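Enquirer: how would this look folded up:
(2 chains)
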2 protein chains.
Amino acid sequence: MTPTELAALYRRELLEHVVPFWERHGIDRQCGGYFTCLDRRGNLYSTDKYLWLQGRAVWMFARLHGQVDCSRGWLDLAAQGAAFLRRWGRDKDSGRVYFALTRDGRPIHIQRKIYAEVFYLLAMTEMARATGQADYLDEARDLFWTIHDLWRRPEKLGRPLLSGTPRGSTLADPMVFLSMIEELSSLDDDPRYAALAEEMTHLALRHVKADRRVVLENVGPDGQAVDSPWGRLLNPGHAIEMGWFLIHQARRTGDQRLAATALDIIDWSMEAGWDAEYGGLYYFLDADGRPPLPLEWSMKLWWPMTEALYALLLAWRTSGDARYLALHRQVHDWAWRHLRDDECGEWFGYLDRQGRPTHELKGGPYKGFFHLPRALLYSIQLLSDPAAQP
Amino acid sequence: MTPTELAALYRRELLEHVVPFWERHGIDRQCGGYFTCLDRRGNLYSTDKYLWLQGRAVWMFARLHGQVDCSRGWLDLAAQGAAFLRRWGRDKDSGRVYFALTRDGRPIHIQRKIYAEVFYLLAMTEMARATGQADYLDEARDLFWTIHDLWRRPEKLGRPLLSGTPRGSTLADPMVFLSMIEELSSLDDDPRYAALAEEMTHLALRHVKADRRVVLENVGPDGQAVDSPWGRLLNPGHAIEMGWFLIHQARRTGDQRLAATALDIIDWSMEAGWDAEYGGLYYFLDADGRPPLPLEWSMKLWWPMTEALYALLLAWRTSGDARYLALHRQVHDWAWRHLRDDECGEWFGYLDRQGRPTHELKGGPYKGFFHLPRALLYSIQLLSDPAAQP
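Expert: Here you go, the predicted structure:
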């Protein structure tokens, strides 16, 4: 397939196979917001609303409106989700963003983590971009510094920090900051974003252990490797996602060394994470080959594969090295064969090690309208933009 | 196999294949307590200590001392674990029992659940029985009423109860009370135990929906079925475990109807839970066949199988119905073929749906010296006791 053919294939996949599934089944036209607990055919198996996915769907629909087609009603679909988030998503007293709501907006659960806030923020930034309304940007900016404060003072999240609790850094934190800054800094002129992106890049790189060719999910307070299941945990798909976050950061700053490190991260994570026997990326591994604790470690999930699809195309365009195109082809073929649901639209999310669906569902508390359409959109844009040639 | 032959096989399994693995690899002779993060061959992959398993191992070693052989040093192994628990296991201010400690006893994590307390209590009761020391019984008795208070006022556990949070009852709660009362009431003469056991039996039976032949893990505040993933969740091994808890309760009270219901529970859970294609009990199911949310739903774990081994023998002895012996044989054969590690001792804990180990580990944060040896011991005692004939 030529780049042009691949872009056309991904465009058809996005617009004919993925977006229509969510337009048809994922919009709550009565109470607002999105349904994500959808079975193979799009039937609801739960009406609960998960805020990570509400925020991500707002972002995705608003981005499609702005960058693909402004005539398809996608801004309305985004706006009704943003309105639902604003009406029900935050605790009035603390300002915290809930993790789950009932269909009509009553709070079910709040996490002792910052990620619901992060995806709420991404919804607001993309609504600000799509509409030009200052109130969205104002809320995003305020929330950004709230998240920054929660990250610096995690005791505010309510999880007790006991004397034996492992201290240190988890890869997701610098990653979500890089992601938020990428979005926010394109709308809001504040020099602190660039400085913070540098700091987060530095923190992220402490997880990269070049001598062992691994990216550790968790490191100690000074970035040191910790010899425990927590400290040895690898999440190859997550590291590959960080790889493309860092290439984006390197492009913004013109940092060639950072781009080279990001390519290493993608290489090592594909090496370590790809299952030589059955194909696909493992969900978790132990850096020393000890038993990984998560029961689902050997499962093959959709999102590490969709992250790899875009990351490998970007690595190819960044380096000019055709090896990345071959790796992309390997991931693409496996994903198309095992993850894509030819019959009912969208992709399966959860496969066993051998690549058979363990769940036929199309969405749930952690799978919604985000990783797959984002990877397709970013890949289409990369393949279609001659300026993105290496 | 005759019952006598089966008892002899289980006795050899317990004493030659299971106990030695934990004696050899699971005792921290330096800091006290037990290691449970052991790989296939018994090598440590983490030194953290999980309190559910510390308490359970104390119970198991003390029980083996009292009921199998008092000359094997098992009371010392129990006592050192109990001493570790007492020295490090509870928060000095709140009295709460931690979930995990470092090797040397520093607290890592505390759950917003009562189960660490429950297994700490079981450790104390069995130490009281084995030693006759009143201080163990005193601590168990105090802790029992503390747990009862936490159960009645769950807001004390620190998990926010929001307006949309599902209210209701989870099967584990009446089960752990029945289990604690079985142990404590045999040592401590207090009429409140019998009354509370009646109440807990009543609460447990509200999870049993005879018209649908299911046992729901979670029900609403009045025992009603709730149409959500939370409300439709089945855990067949857990229900089977409850089946034998209820047969024990029926024996204590002479309640024939309760015994008959317990047999139904075991029947329905074997029907719903057994994988007709690959064998073994599913970990989770949805009562209406909708997508189960847990990623690991189709995995085959050791403990549902060991619970079924004992429950089916007890069902046979209770009913005289040879059908239960045939079911026992089916579970036994599958477990022996897939779970037992012929080479290195102990059993694997986590298999994929097809029955292949996904993890070769012998223990971890939730697998220790408990379900397998308890099921073997209880089965041996049932098979060896002529008075237990139906």
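Enquirer: just the helices in chain A please.
Expert: Ranges of helices within chain A are A:3-12, A:19-25, A:51-67, A:74-88, A:115-131, A:134-152, A:172-185, A:191-205, A:229-232, A:236-253, A:256-273, A:302-319, A:322-338, A:371-384, based on DSSP state H.
Enquirer: Can you check which of the ones you listed gets nearest to chain B?
Expert: Across the helices of chain A, the minimum distance to chain B, taken as Cβ to the nearest Cβ, is reached by helix A:229-232, at 5.1 Å. Placement of C-beta: from N, CA and C, glycine included.
Enquirer: Convert the C-alpha atoms of the closest one to CSV, please.
Expert: Provided in CSV are the C-alpha atoms of helix A:229-232 (Å, rounded to 0.1, in the frame of the first residue of the first chain):
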residue,chain,number,x,y,z
PRO,A,229,6.7,-5.7,40.8
TRP,A,230,5.6,-2.0,40.9
GLY,A,231,9.1,-0.9,39.8
ARG,A,232,9.6,-3.6,37.2
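Enquirer: Pull the contacting residues for A:Tyr278.
Expert: Applying Cβ atoms under 8 Å, 6 or more residues apart in numbering or on different chains to A:Tyr278 gives the contacts A:300, A:353-355.
Enquirer: rerun that using 10 Å as the cut-off
Expert: Counting by Cβ atoms under 10 Å, 6 or more residues apart in numbering or on different chains, A:Tyr278 touches A:298, A:300, A:334, A:338, A:351-356.
Enquirer: Return the residues of the stretch 201-350 of chain A in contact with chain B.
Expert: A:227-232, A:283, A:286, A:288-299, A:301, A:349-350 (Cβ under 10 Å from any Cβ of the partner chain).
Enquirer: thinking again about what came up before, and the helices of chain A: which comes nearest B:Glu360?
Expert: Ranking the helices of chain A by distance to B:Glu360, with Cβ to Cβ as the measure, places helix A:229-232 first at 14.6 Å.
Enquirer: elements contacting the closest one?
Expert: If contacts are counted by 3 or more Cβ pairs under 10 Å, 6 or more residues apart in numbering or on different chains; DSSP states H and E, helix A:229-232 sits against strand A:218-219, strand A:285-286.
Enquirer: so of these, which one's packed in deepest?
Expert: strand A:218-219 (a mean of 22; mean count of other Cβ atoms under 10 Å in any protein chain shown).
Enquirer: by contact count, what packs against that one?
Expert: Using 3+ Cβ pairs under 10 Å, 6+ apart, strand A:218-219 is in contact with strand A:169-170, helix A:229-232.
Enquirer: what residues does the longest one touch?
Expert: Identification of contacts with helix A:229-232 by Cβ under 10 Å, 6+ apart yields A:166, A:168, A:170, A:214, A:216-220, A:224-226, A:284-294, B:37, B:45-46, B:48, B:108, B:364-365.
Enquirer: hang on, the earlier thing: mind checking which of the contacts of A:Tyr278 are buried?
Expert: If you count burial by 16 or more other Cβ atoms under 10 Å in any protein chain shown, the buried members of the contacts of A:Tyr278 come out as A:298, A:300, A:334, A:338, A:351-355.
Enquirer: could I get the residues you listed as JSON lines with distance to B:Arg317?
Expert: Output for these, formatted as JSON lines (distance: Cβ to Cβ, whole Å):
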{"residue": "A:Ser298", "distance to B:Arg317": "39"}
{"residue": "A:Lys300", "distance to B:Arg317": "45"}
{"residue": "A:Trp334", "distance to B:Arg317": "52"}
{"residue": "A:His338", "distance to B:Arg317": "48"}
{"residue": "A:Leu351", "distance to B:Arg317": "43"}
{"residue": "A:Asp352", "distance to B:Arg317": "38"}
{"residue": "A:Arg353", "distance to B:Arg317": "40"}
{"residue": "A:Gln354", "distance to B:Arg317": "41"}
{"residue": "A:Gly355", "distance to B:Arg317": "45"}
